[in-house]
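Novice: what's the 3D shape of this:
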Amino acid sequence: MLVIHVQVNVNPEDVEAFCRAAIENARAGIGEPGVVRFDVLQQIDDPSRFVLVQAYRDEDASIRHQATDHYARWQGIVAGMMAEPFTSVMFSSVFPWDEGR
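Specialist: So this is what the prediction gives:
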């Protein structure tokens, strides 16, 4: 499993619009084959900071997600909302939370 944490710092005036766009992208993303999880998290003490947590069965599923129309639409909408370029960190699953279920 491939898990990606995308950290985004949004301009304060764009927080609501960013939330709407990120949720739309996440809703479409969770319907894709190979997508296990797609969370949009907002930092409590700084609401302009977000973490998008994406879990994929494999790297190919991540690549397919980045080729979707809804991902391209999300990129186009949020590009001007970011206070700085987003960063991402990739993780591999060592122990899945649902093992044995």
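Novice: so where do the strands sit in the protein?
Specialist: In the chain, the strands defined using DSSP state E lie at 2-9, 35-42, 49-56, 87-92.
Novice: next, format these as CSV and append distance to Gly80.
Specialist: C-betas here are computed from N, CA, C, even on glycine. As requested, those are exported to CSV (distance: least, C-beta to C-beta, whole Å):
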stretch, distance to Gly80
strand 2-9, 13
strand 35-42, 19
strand 49-56, 16
strand 87-92, 18
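Novice: closest to Cys19 out of these?
Specialist: When the strands of the chain are compared by C-beta to C-beta, strand 35-42 sits nearest Cys19, at 7.2 Å.
Novice: which strands and helices lie in contact with the closest one?
Specialist: helix 15-29, strand 49-56 (3 or more C-beta pairs under 8 Å, 6 or more residues apart in numbering; DSSP states H and E).
Novice: by how many degrees do the first one and strand 35-42 diverge?
Specialist: Following axes from the mean of the first three to the mean of the last three C-alpha atoms, to 10 degrees, one obtains 170 degrees for the angle between helix 15-29 and strand 35-42.
Novice: quick one: contacts for the residue nearest the centre of the chain?
Specialist: In the chain, the residue lying closest to the centroid (C-alpha atoms, centre = their mean) is Leu52, at 3.4 Å. Counting by C-beta atoms under 8 Å, 6 or more residues apart in numbering, Leu52 touches Ile4, His5, Val6, Val8, Ala22, Ala26, Phe38, Asp39, Val40, Leu41.
Novice: can you check Asp60 too?
Specialist: Gly34.
Novice: quick check: it vs Thr68, distance?
Specialist: Distance, Asp60 to Thr68, using C-beta to C-beta, to the nearest Å: 13 Å.
Novice: most neighbours per residue, which of the helices and strands packed on strand 35-42?
Specialist: strand 49-56 (a mean of 19; mean count of other C-beta atoms under 10 Å).
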